[in-house]
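Undergrad: Give me a 3D structure for the following:
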Amino acid sequence: MKCFLKGNGYFWFMFLAHLVSVLKCGLLAHAMLDPIDFLALQNVRKSLEDLPGSNYFGSWDFTSDPCSFSGVYCDGDKVVVLNLGDPRAGSPGLTGRLDPEIGKLSSMAELTVVPGRIFGSLPDTLSQLKNLRFLAVSQNFIAGEIPASFGQLQGLHTLDLSFNQLTGNIPYSVGSLPALSNVVLCHNKLSGSIPPFVSQSLTRIDLKHNELSGSISPTGLPPSLQHLSLSRNQITGPVDVLLTRLNRLSYIDLSMNRFTGPIPAEIFTFPIGNLQLQRNQFSGPVRPTNLVTIPTIDLSYNRLSGEISPMFSTVQNLYLNNNRFMGHVPASFVDRLLASNIQILYLQHNYLTGIEINPTVEIPVSSSLCLQYNCMVLPVQTACPMKAGNQKTRPTSQCIEWKG
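TA: Numbers count the residues shown, from 1 in each chain. Purely as a prediction, here's the structure:
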């Protein structure tokens, strides 16, 4: 044995030296990241896979520094940003589940997941990320409920869980988050009522395409709101007091709900490019106090009544069809229509009794006028959308009954 060691001493010396060097390098590489974060990333990696054609995880070699991985950004020895499927790495998306160990990345401020096929539920452990400011897990197949424990994310600015399969209520604890600026939960299967939102820096709420119901408190949304999208839900009740308070809105879509009551005149003074209130149960007259500068307004399929205000003649695309408007169409509408200032004027399916327009006049090619199914003989023949039907005039019996 002595003879063997003596004869091979140089070999064993070099082997041991190399082994020490490898171990040292490995320890140094791993020492660059906190051991808890290192193990958490390993578990995240084990629970996810690249979709076919992706090589996002190609750089995730745990014999090297994890802070150099695609989508991983560190501050010191802690992970602060994790972009899973970072599109800058050329990933079309990931599949698998979000491992609960992700909640051990205690310094993480931003977590994003690009569109893909990630399924399962949102880990409740995400609520442990006290520094989290930005959470975006959209366009995947996330199911289950939004954890009520997300109310512990007191510094959260953006919550984007859109285009998933989430069910259950929006937790009241989420509405109580004090720093929220963006809430995007559209295209899910969320139900129940909308909780009050307390953040005074909240600017965007997008909850369209869900199954939300109930009414919204007049003080349930902060005046800081600029973008409000609630389309395609089952929300009820009046919103006139609520909307009057939200005078910073630049985008409103409340269409396809069950809202009732009047539409406040103040809303027509807001800096809005597109006002969508169609397919609700709004009722009563609509009386803007000044000429309306909103380019597109859709109030169709409601229960609005009274005469049409001439203040709407400055609107480029105006949908007032399928309501209960009566009386004559203001002359200013005709003037602006013939001057091509009005592009769409849909007044069909009301109880209008007249419009002052020369029967021989030609409607500009760039403009569309529909007067079908009112209480008047059509003075001009115009192309109407197919939904207007084939009947040109409303039955006399209905007109007499409505007038009476």
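
Undergrad: can you count the residues close to Gly155?
TA: Residues near Gly155, counting by other Cβ atoms under 10 Å, number 15. C-beta here means a position set from N, CA and C on the backbone, and glycine is covered the same way.

Undergrad: isn't it right up against Leu129?
TA: No - assessed by Cβ atoms under 8 Å, Gly155 is found out of contact with Leu129, at 9.4 Å.

Undergrad: ok, which stretches of the protein are helices?
TA: Counting by DSSP state H, the chain has helices at residues 2-7, 9-31, 35-46, 172-175, 240-245, 331-338, 396-403.

Undergrad: which residues touch Phe270?
TA: For Phe270, the contacting residues are Asn247, Arg248, Leu249, Ser250, Ile252, Ile294, by Cβ atoms under 8 Å, 6 or more residues apart in numbering.

Undergrad: What's the ChimeraX line that selects buried ones from those?
TA: Entered in ChimeraX, the line below selects the buried ones among these, by 16 or more other Cβ atoms under 10 Å:
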select :249,252,294
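
Undergrad: Out of the contacts of Phe270, which two sit at the greatest distance?
TA: Arg248 and Ile294 (14.9 Å; Cβ to Cβ).

Undergrad: Ignoring the adjacent residues along the chain, who's closest to Leu48?
TA: Gly96 (4.0 Å; Cβ to Cβ, 6 or more residues apart in numbering).

Undergrad: you'd agree that neighbour is up against Gly116?
TA: No - the pair Gly96 and Gly116 does not pass the contact test of Cβ under 8 Å, sitting 9.0 Å apart.

Undergrad: Local confidence estimate at the residue nearest to Leu48?
TA: Note on Gly96: pLDDT of 97.

Undergrad: May I have the beta-bridge partners of it?
TA: Leu48, Ile118 (DSSP bridges).

Undergrad: what's the neighbour count on it?
TA: 19.

Undergrad: Where does pLDDT dip in the stretch 151-300 of the chain?
TA: For the stretch 151-300 of the chain, no stretch has pLDDT under 70.

Undergrad: Okay, and the beta partners of the residue nearest to Pro285 when sequence neighbours are not counted?
TA: Closest residue in space to Pro285, ignoring its immediate chain neighbours: Gly306 at 3.2 Å, by Cβ to Cβ, 6+ apart. Note on Gly306: beta-bridge partners by DSSP bridges are Phe325.

Undergrad: list the contacts for Gly306?
TA: Gly284, Pro285, Val286, Arg287, Phe325, Met326, Gly327.

Undergrad: out of the residues you listed, which one sits closest to Ser340?
TA: Of the contacts of Gly306, the one sitting nearest to Ser340 (Cβ to Cβ) turns out to be Phe325, at 23.7 Å.

Undergrad: I'd assumed Tyr351 was in contact with the closest one.
TA: Yes - between Phe325 and Tyr351 there is a contact under Cβ under 8 Å: 6.6 Å.

Undergrad: pLDDT value on the residue nearest to Pro285, please?
TA: On the pLDDT scale, Gly306 gets 96.

Undergrad: quick one: the residue nearest to Leu48 and Leu51, what's the gap?
TA: 10 Å (Cβ to Cβ, to the nearest Å).

Undergrad: what does Val365 give?
TA: Taking Cβ to Cβ, one finds Val365 at 48 Å from Leu51.

Undergrad: what's the answer for Tyr319, then?
TA: Taking Cβ to Cβ, one finds Tyr319 at 42 Å from Leu51.

Undergrad: and these two? which has more neighbours close in?
TA: Taking other Cβ under 10 Å, Tyr319 and Leu51 do not tie; Tyr319 has more neighbours (22 against 16).

Undergrad: and that one, what are its bridge partners?
TA: Asp298, Tyr346.

Undergrad: isn't it right up against Asp298?
TA: Yes - counting by Cβ under 8 Å, Tyr319 touches Asp298, with 4.2 Å between them.

Undergrad: Can you work out which residues contact both of these two?
TA: With Cβ under 8 Å, 6+ apart as the test, Tyr319 and Asp298 both reach Gln278.

Undergrad: circling back: can you tell me which of the contacts of Gly306 lies closest to Cys74?
TA: For the contacts of Gly306, the nearest to Cys74 is Val286 (56.6 Å; Cβ to Cβ).

Undergrad: Can you report how many residues neighbour that closest one?
TA: 27.

Undergrad: ok, Asp34 - contacts?
TA: So Asp34 contacts Asp77, Lys78 (Cβ under 8 Å, 6+ apart).

Undergrad: ok, now how distant is it from Arg133?
TA: 20 Å.

Undergrad: Check Pro223 too.
TA: Applying Cβ to Cβ, the value for Pro223 to Arg133 is 23 Å.

Undergrad: These two: which is more packed in?
TA: Set side by side, Pro223 and Arg133 show more neighbours around Arg133, with 17 against 12, by other Cβ under 10 Å.

Undergrad: And Ala383, what's its pLDDT?
TA: For Ala383, the model assigns a pLDDT of 89.

Undergrad: Counting neighbours, what do you get for it?
TA: 9.

Undergrad: For the nearest residue to it once chain neighbours are set aside, name its beta-bridge partners.
TA: Excluding the flanking residues, the one nearest Ala383 by Cβ to Cβ, 6+ apart is Ser368, at 6.9 Å. Taking DSSP bridges as the rule, Ser368 bridges to Ile344.

Undergrad: Nearest to Cys67 among the contacts of Phe270?
TA: Ser250 (40.2 Å).

Undergrad: contacting residues for that closest one?
TA: Gln226, His227, Phe270, Pro271, Ile272, Gly273.

Undergrad: can you pull the contacts of the second one?
TA: Counting by Cβ under 8 Å, 6+ apart, His227 touches Thr203, Arg204, Ile205, Asp206, Leu249, Ser250, Tyr251.

Undergrad: where in the stretch 301-404 of the chain is pLDDT low?
TA: In the stretch 301-404 of the chain, residues with pLDDT under 70: 403-404.

Undergrad: And for the residue lying closest to Ser213 once chain neighbours are set aside, the neighbour number?
TA: Leaving out its chain neighbours, the residue that sits closest to Ser213 by Cβ to Cβ, 6+ apart is Gln234, at 4.4 Å. Using other Cβ under 10 Å, Gln234 has 13 neighbouring residues.

Undergrad: Sounds good, over and out.
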